[in-house]
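Q: any chance you can model this:
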Amino acid sequence: MKRALILALLLPLHAEEAAPSVIPPPPDDGVRVSVLGYHDFSETAPETEMLIRTSKFRTQMEAIKNLGLPVIPMADFQAWKRGEKEIADKSIVITIDDGWKAVYTDAFPILKEFGYPFTLFLYKNYVDGGGKALTTPMIEEMQKHGATVGSHSVSHPYPGTVKSHRRKGTEHFDKFLRKELGESKRFLESKFGARVTTYAYPGGFHTEEMFPLAEEFGYELLFTVLPGKIRRSHENRTLPRYVILGTHDRIFDLATGFNEIAVAAISESAVIAPQSTPFPVTPGAGSLIDTRMPRLSADLSTLADFDPKTLVMKVGGFGEVPAMFDEENKSFSWQVNRRLRSPVCQVAVSWLDSKGKPPEIPLRWSFRIDPEAAYLPLEESSK
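A: Predicted structure coming up:
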């Protein structure tokens, strides 16, 4: 994959992407949706950013099921964004770009097995392109089993190509964009007999000139490669999407981690609801402690099947921390190394078993800090 796409997963792409004012979206309902973006699949070829091991893809689909995250079709996602339909919080939308034949041979059987709907973002020049490209019959069969079609342009121009056409002047650039956005839509609708109202920017790159043309051609939702959860109020022309890379497993964890550790604005008099955890933890779930630098630990001695190498601890205000696993007593712990500043601290511990599955019952808990016993002098706040 082009290096620009990897960087795009972490940084805003270009200053040109500032969106003009638009019609306000429906009021936010608190629901969050994660859109996953895949490309190519193989069980034997070396993994790359764009190619993921087929068995890993299966593991990820199984993880979604075990986490209880509903996978919804693009149509439901669109209706929700319009304010016409309610969907479950923490929903997943699966998309697959380009049109590699392995989508049909490797990914499709797995998606069909799990009953997951998905969207194919196809670019015209690769449909029936021979070799490793999807054929029309393959795409039509997938349409019968939960696949919808979205546009990915005509020629899949990367950012450098788009910029070079833009430098040739307004008239030339307009003609170029009309072909890439318009001709691809007309081709796909004619070829596969369904309206195409979604578009995935190749490489995630987009400019302001694309927005009015997208509206003119009838595109409703347009996706980038910038990661993030989508809310109903999110701008429809620059929707986030987690591009799942074969060489960066952490992206999938972030995409499906709807309970990311974050410090809420909770007053010091806040009361934590009763909690229970599947394993003993320290500080205890829901407890009140008198120090801002506690040792956080989880006793996993009764956990029968887990891979210690996959253990991860996240702490509110810190993110992922360098917790250590003690093989002798089977505890996973971390000493807080700077004072906790929130009156409530949240902790999450995750792992995979020997088959690569996450736990059915997540290990998450929170505790309170006594603001008087653990007094933090004001001058400390600047350190």
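
Q: so in this protein, which helix runs the longest?
A: helix 54-66 (DSSP state H).

Q: who touches the helix or strand following it?
A: Proceeding N to C from helix 54-66, the next assigned helix or strand is helix 74-81, under DSSP states H and E. By Cβ atoms under 8 Å, 6 or more residues apart in numbering, the surrounding residues in contact with helix 74-81 are 25-26, 31, 33, 35, 85-87, 91, 93, 95, 117, 119, 148, 150, 197-198, 220-221, 232, 234, 236. C-beta: built from backbone N, CA, C; applies to glycine.

Q: show the buried residues in the residues you listed.
A: Among the contacts of helix 74-81, those scoring as buried are 31, 33, 35, 87, 91, 93, 95, 117, 119, 148, 150, 197-198, 220-221, 232, 234, 236 (criterion: 16 or more other Cβ atoms under 10 Å).

Q: hey, what's the residue lying closest to Glu320 once chain neighbours are set aside bridged with?
A: Among residues not flanking Glu320 along the chain, Lys314 sits closest, at 5.3 Å (Cβ to Cβ, 6 or more residues apart in numbering). Beta bridges link Lys314 to Glu320, Ala348, judged by DSSP bridges.

Q: and Lys314, how many neighbours does it have?
A: 20 (other Cβ atoms under 10 Å).

Q: do the same with Arg295
A: Here the number of neighbours of Arg295 (other Cβ under 10 Å) works out to 11.

Q: is it bridged to anything, and to what?
A: Under the criterion used (DSSP bridges), Arg295 bridges to Gln335.

Q: ok, it touching Phe332?
A: No. If you go by Cβ atoms under 8 Å, Arg295 and Phe332 don't touch, sitting 11.5 Å apart.

Q: low-confidence bits of this structure, can you list those?
A: Across the chain, the ranges flagged by pLDDT under 70 are 1-25, 259-275, 370-383.

Q: so which residue is smack in the middle of it?
A: Nearest to the mean C-alpha position of the chain, by Cα atoms, centre = their mean, lies Ala255 at 3.0 Å.

Q: for that one, which residues are in contact?
A: By Cβ under 8 Å, 6+ apart, the contact list for Ala255 reads Ser34, Leu36, Pro227, Tyr242, Ile244.

Q: ditto for Met61
A: Ile110, Leu111, Phe114, Tyr116.

Q: which one of these sits in the busiest neighbourhood?
A: For the contacts of Met61, neighbours tallied by other Cβ under 10 Å; top is Leu111, 22 neighbours.

Q: among the buried ones among the contacts of helix 74-81, which lie within strands?
A: Secondary structure from DSSP state E places Val33, Val35, Ser91, Val93, Thr95, Thr119, Thr148, Gly150, Thr198, Leu221 of those in strands.

Q: widest-spaced pair of those?
A: Of all pairs drawn from those, the one with the longest distance (Cβ to Cβ) is Ser91 and Gly150, at 17.5 Å.

Q: quick one, helices of the protein?
A: Under DSSP H, the chain gives helices at 3-8, 54-66, 74-81, 102, 108-114, 136-143, 159-166, 170-177, 184-192, 210-217, 250-256.

Q: most tightly surrounded among those?
A: Ranked by mean neighbour count under mean count of other Cβ atoms under 10 Å, the helices of the chain are led by helix 102, which reaches a mean of 21.

Q: pull the distance from that helix to the chain's centre.
A: Distance, stretch centre to chain centre, for helix 102: 22 Å (Cα atoms, centre = their mean, to the nearest Å).

Q: go on, stretch 47-60?
A: In terms of Cα atoms, centre = their mean, the centre of stretch 47-60 is found 15 Å from the chain centre.

Q: what residues does that stretch touch?
A: 1, 5-6, 38-43, 45, 102, 106-107, 110, 244-249, 252, 356-357.

Q: any idea how far the residue nearest to Glu320 is from Leu67?
A: Distance, Lys314 to Leu67, by Cβ to Cβ, to the nearest Å: 16 Å.

Q: what do you get for Tyr104?
A: When distance is defined by Cβ to Cβ, Tyr104 is 26 Å away from Leu67.

Q: which one of these two has more residues nearby?
A: The residue with more neighbours, out of Tyr104 and Leu67, is Tyr104; 20 against 17, by other Cβ under 10 Å.

Q: thinking again about what came up before, pretty sure the residue nearest to Glu320 contacts Trp334?
A: No. Counting by Cβ under 8 Å, Lys314 does not reach Trp334; the two are 10.2 Å apart.

Q: name the nearest residue to Thr95, sequence neighbours excluded.
A: According to Cβ to Cβ, 6+ apart, the nearest residue to Thr95 is Thr119 (4.6 Å).

Q: for beta bridges, what are the partners of that neighbour?
A: According to DSSP bridges, beta-bridge pairing links Thr119 with Thr95, Thr148.

Q: Pro137 versus that one, what's the distance?
A: For Thr119, the distance to Pro137 - Cβ to Cβ - is 19 Å.

Q: kindly state the domain boundaries assigned to the protein.
A: The chain is divided into the following domains under automatic domain parsing: 3-256, 281-382.

Q: burial count for Gly99?
A: For Gly99, the tally of surrounding residues (other Cβ under 10 Å) stands at 28.

Q: dihedrals phi and psi, it?
A: According to degrees, to the nearest 10, the main-chain angles of Gly99 amount to phi 110, psi 40.

Q: check contacts around it.
A: Contact analysis of Gly99 by Cβ under 8 Å, 6+ apart lists Leu120, Leu122, Tyr123, Tyr126, Val127, Gly129, Ala133, Leu134, Ile139, His152.
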